[in-house]
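A.B. asks: mind folding the following:
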Amino acid sequence: MQQTMTKPSEVPTAPRLLAWYDRHHRDLPWRVSPPMAARGILPDPYHIWLSEVMLQQTTVPAVKAYFAKFLERWPTVGDRAAAPTDDVMAAWAGLGYYARARNLKKCAEAVANDHGGIFPDTEEGLRALPGIGDYTSAAVAAIAFNRQAAVMDGNVERVISRLYAIATPLPAAKPLMKQKVAMLTPADRPGDFAQAMMDLGATICTPKRPACSLCPFNDACEALRLHDPEHFPVKAAKKDKPVRQGAAFVAVNGDGEIYLRRRVASGLLGGMTEVPTTGWTARIDGETTTAAAPFAADWQMAGTVTHVFTHFELRLSIFRAQVKKEIADHDGWWEPVTNLEAQALPTVMKKAIAQAIPRAFEKIRTAS
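C.D. replies: This next block holds a predicted model:
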């Protein structure tokens, strides 16, 4: 006998989720929690903007330390605007997606110089700032200014896809998901609603083994009715990432200094610090031998490292040489190995250095 499926007994509503959020919200350093809001404390738009930019493609645990470090060095958006770009890039190193750091500086300058240090309080005004797109403008408008904006990150996508059992694969399903989020977002407490949806996805409606029995929407969830929450969201089949090849050259002098240079401002890892490397990109391989070394030296093979970017995997052959200080060309500079943590070195460059100089960045050596 064929089993019949009953419709969910409830429909998802904002009050149910907000009641859950009032009891179970996460305490985050940039967040104004419901008890704080009850005492009249308002969200700081600078804190919300900074955290949202950092959280793109990065986990909450990783962001907490960076957020604290940035606020300690630059307590206000004006301080950030006045900071040297190199300092911002160096402080950002390790968070990845370095265009975010460049746009962070440009956006701070725009707020400080064009808006008197005050963030616009609408989605449209926020979206006009450098580096702020649809998601960030909606998140800041809702959370910082209590605007009725539909906020949808990866956690919210998962919740919405399960609530409505949306069978269309991502990314094609995004417009429908956004429509559902907009329909649910209340005029009252839209910022708390956005954060509640994020918390629900992060703590209850997780990718694997969701805790459906604890979910405030369990009586309204179509995916739970179908006994298959983990099937959602449906994702298009992933294409294999291309593998690119290249080489990196780690030169050390007798004073315990390493030769570094600055990457061009545009493109992948733009404006970041690097050891000399060959011309690999997401689309083409670079040279992999000492024929492409930045200057003549007794280059010795030191192994290989692998680093996975969003759209490709990079495999670098690492060469090391002990050289005299005057041998190096004049495109870069010599930096003490003990001062490398203060440089704007992306993780792939830290891996390269750690491969050639094992005691440098020991925590980076085995990082993915």
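A.B. asks: now the strands for this protein?
C.D. replies: 243-252, 257-262, 273-274, 300-308, 313-322, 332-336 (DSSP state E).
A.B. asks: nearest to residue 92, of those strands?
C.D. replies: For the strands of the chain, the distance to residue 92 is smallest for strand 273-274, at 11.5 Å, taking C-beta to C-beta. Backbone N, C-alpha and C define where each C-beta goes, glycine included.
A.B. asks: the closest one pairs with which strands?
C.D. replies: Strand partners for strand 273-274, identified by DSSP bridges, are recorded as strand 257-262 (antiparallel).
A.B. asks: elements contacting the longest helix along the chain?
C.D. replies: As assigned by DSSP state H, the longest helix anywhere in the chain is helix 99-114. Contacts of helix 99-114 with other secondary structure elements, assessed using 3 or more C-beta pairs under 8 Å, 6 or more residues apart in numbering; DSSP states H and E, are made with helix 45-55, helix 77-82, helix 85-92.
A.B. asks: show the contacting residues for residue 182.
C.D. replies: By C-beta atoms under 8 Å, 6 or more residues apart in numbering, residue 182 lies in contact with residue 150.
A.B. asks: please tell me how far the residue nearest to residue 146 when sequence neighbours are not counted sits from residue 142.
C.D. replies: The spatial neighbour of residue 146 that comes closest, neighbours along the chain excluded (C-beta to C-beta, 6 or more residues apart in numbering), is residue 191 at 5.2 Å. In this structure, residue 191 and residue 142 are separated by 5 Å, where distance is defined by C-beta to C-beta, to the nearest Å.
A.B. asks: give me the buried positions along stretch 201-218.
C.D. replies: The neighbour-count check on stretch 201-218 (16 or more other C-beta atoms under 10 Å) flags 201-205, 210, 215-218 as buried.
A.B. asks: chain center to it, what's the gap?
C.D. replies: From the chain centre to the centre of stretch 201-218 is a distance of 23 Å (C-alpha atoms, centre = their mean, to the nearest Å).
A.B. asks: what sits against residue 113?
C.D. replies: The neighbourhood of residue 113, defined by C-beta under 8 Å, 6+ apart, consists of residue 81.
A.B. asks: for residue 86, see how far away it is.
C.D. replies: According to C-beta to C-beta, residue 113 and residue 86 sit 20 Å apart.
A.B. asks: how far away is residue 297 from residue 337?
C.D. replies: With distances taken as C-beta to C-beta, residue 297 is found 17 Å from residue 337.
A.B. asks: who has more neighbours out of those two?
C.D. replies: A count of neighbours by other C-beta atoms under 10 Å puts residue 297 above the other of residue 297 and residue 337, at 19 against 15.
A.B. asks: spatially nearest residue to the more buried one (excluding sequence neighbours)?
C.D. replies: Computed as C-beta to C-beta, 6+ apart, the closest residue to residue 297 that is not its neighbour in sequence is residue 321, at 3.8 Å.
A.B. asks: what's near enough to touch that neighbour?
C.D. replies: Counting by C-beta under 8 Å, 6+ apart, residue 321 touches 249-252, 297-300.
A.B. asks: pull the most distant pair out of the residues you listed.
C.D. replies: For these, and using C-beta to C-beta, no pair is farther apart than 250 and 298, which are 12.8 Å apart.
A.B. asks: report pLDDT for residue 363.
C.D. replies: Each residue has a pLDDT score; the one for residue 363 is 48.
A.B. asks: please identify which of the buried residues of stretch 201-218 is nearest to residue 314.
C.D. replies: The shortest approach to residue 314 among the buried residues of stretch 201-218 belongs to residue 202, at 30.0 Å (C-beta to C-beta).
A.B. asks: you'd agree residue 348 is up against residue 316?
C.D. replies: Yes: distance between residue 348 and residue 316: 7.4 Å, which falls inside the contact criterion (C-beta atoms under 8 Å).
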